[in-house]
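A.B. asks: Pasting the sequence and the predicted model now:
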Amino acid sequence: MLNFLRRNLSFTKLASINLFSKLGDRLFYTAMLTIATTLPQSQLAITIVSVSETLPIIASFLLGTLADQKAKKLRALSQNSLLRALLYCVIAILAGYHHTLRLLLIMAGLNFLSDLLGNYSSSLIIPFTKSLIKDADLTQAQGLLSLTNQLINVLATLAGSLLLAIWQPNYLAFLNASIFLLVSFSYHAIQTQLQHVEQQMPLHHPENMAQATGNNFHLLLQKKDITRNLLQLAFINGFFGGLTPIFVMFLKNNRNLPLLSQPIKIALLSVITTIFMVIGNSYSIKIFTQQSIQFLATIADLFMMLAAWGLLRNNLYLVLINVAGSAFLLGIISPRFSAQIIRTFPGNNLGGIVTIANALLTLTPPLTSMIFPLISGYSLTLSYWSFGIYGLLALLLQVKKVS
């Protein structure tokens, strides 16, 4: 890993700055939820916060195309971060007042704008990866990015929770603003080093945004192998999104691991998922190198079905073991899929196409987290069977594609 980082110093600097900005993406989320829970209309307030986090993902379909058309990407990265710092300064000032639903709505709106700028910045960076990294190193680069992204998300959420124990939310918002200000200065500092790389990048000529986004969809769908892998990854991501709320209900009637409290058992699912995804990311270029993404996804589908069997058998151990297997394979597949996209598509369309793929993958968990609990409202056992059918459907789609 150290050799890779030394060989790709410019990429390391750019990726490190972007990862540091991810800290700001998650740090204040817990504070927003905490404020929401203190309001009389807490359920509505929590929904508002959740929507403010989800809507930027939908808007990113257009942001990727806009990023491809941007000529001076490095300057835009610095400016975006500066704007995010200013937005969080305003949020910090608002958070110092008495909390009301109207105030939270304004803060959520500002957070929405900040997340839009963050997603736009991520799209601006994607073409640099293709220019700075050799094809042979792309999988390792994406593995490192995926690994560090997951760790940053976990650490930022944990740090936000711990800081709230000693700080008021407005101080946490000022800390967020400081992070984005430092990120802005850092992007500005490396502009000279990467200017020659930026000048050599192919530029997507400006056109109608809707038409350009439609063209990116068309290019993506033309590559049948990538479309198939994207569909499989969406199924696996959706499995983890839908599992958490069902797992909470499952624990009410489960007596395994009696020495652990229910909150600890709920956290155990998240810990196992994260740890095994991180391990999968770490070994993505070392094991199963001769196996295709399609083959590994098929095995992950089988793990999903076995996890559903564990739910039906009321066996916590069986559930956790198969969740670990699915998470491990997802950790291996994700960087390989990202590298496959970067290798396949031209740099002038890359931001838009990667953003579309990421948005589709990110939107699946919220959908399944709504669908499976709705089924459980009719019958919890039926929701367990639905997980098995879900895994079987993913498997059958895979087999159909092969044949």
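C.D. replies: All right, it came through fine. Numbering: from 1, shown residues only.

A.B. asks: Quick one: residues in contact with the helix or strand where Leu221 lies.
C.D. replies: Secondary structure assignment for Leu221, by DSSP states H and E: helix 209-222. Applying C-beta atoms under 8 Å, 6 or more residues apart in numbering, the contact partners of helix 209-222 are 61-62, 64-66, 68-69, 204, 226-227, 230, 345, 349, 352-353, 356-357. In this view, the C-beta of every residue, glycine as well, is placed from N, C-alpha and C.

A.B. asks: buried subset of these?
C.D. replies: For those, a burial check counting by 16 or more other C-beta atoms under 10 Å picks out 61-62, 64-66, 68-69, 204, 226, 230, 345, 349, 352-353, 356-357.

A.B. asks: Now, these that are in helices?
C.D. replies: Under the assignment DSSP state H, the buried ones among the contacts of helix 209-222 contribute 61-62, 64-66, 68, 226, 230, 349, 352-353, 356-357 to helices.

A.B. asks: Specify which member of those residues is nearest to Ile389.
C.D. replies: Leu230 (21.1 Å; C-beta to C-beta).

A.B. asks: care to break this protein down by domain?
C.D. replies: Per automatic domain parsing, the domain ranges recorded for the chain read 2-206, 217-402.

A.B. asks: Save those domains as a markdown table, and put in mean pLDDT too.
C.D. replies: Below are the domains of the chain laid out as a markdown table (pLDDT from 0 to 100):
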| stretch | mean pLDDT |
| --- | --- |
| domain 2-206 | 84 |
| domain 217-402 | 87 |
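
A.B. asks: Please identify the buried residues of stretch 48-60?
C.D. replies: For stretch 48-60, by 16+ other C-beta under 10 Å, it's 48-50, 52-53, 56-57, 60.

A.B. asks: same deal with stretch 31-48?
C.D. replies: 31-36, 39, 45-46, 48.

A.B. asks: hang on, the earlier thing: buried residues in the helix holding Leu221?
C.D. replies: For helix 209-222, by 16+ other C-beta under 10 Å, it's 212-213, 215-216, 219-220.

A.B. asks: again, but for stretch 312-323
C.D. replies: 316, 318-320, 322-323.

A.B. asks: quick one: contacts for Ile371?
C.D. replies: Shown in contact with Ile371 (C-beta under 8 Å, 6+ apart): Gly242.

A.B. asks: State the helix or strand in which it lies.
C.D. replies: Residue-wise, Ile371 maps onto helix 347-378 under DSSP H and E.

A.B. asks: rewinding a little: now the buried residues of helix 209-222 in TSV, please, with extra columns for distance to Ile375.
C.D. replies: Output for these, formatted as TSV (distance: C-beta to C-beta, whole Å):
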residue	distance to Ile375
Ala212	38
Thr213	33
Asn215	37
Asn216	34
Leu219	36
Leu220	31
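
A.B. asks: Phe112: which of the buried residues of stretch 312-323 is nearest?
C.D. replies: Val323 (31.8 Å).

A.B. asks: In three-state terms, label that closest one for me.
C.D. replies: helix (DSSP: H, G, I helix; E, B strand; the rest coil).

A.B. asks: check contacts around it.
C.D. replies: 240, 243, 269, 272-273, 276, 303, 307.

A.B. asks: now do Thr227
C.D. replies: Contacts of Thr227 by C-beta under 8 Å, 6+ apart are 220-221.

A.B. asks: Please apply the same query to the one 3 residues further on.
C.D. replies: For Leu230, the contacting residues are 220, 337, 357, 360-361, taking C-beta under 8 Å, 6+ apart as the criterion.

A.B. asks: Quick check: the gap between it and Gly352.
C.D. replies: In this structure, Leu230 and Gly352 are 15 Å apart, going by C-beta to C-beta, to the nearest Å.
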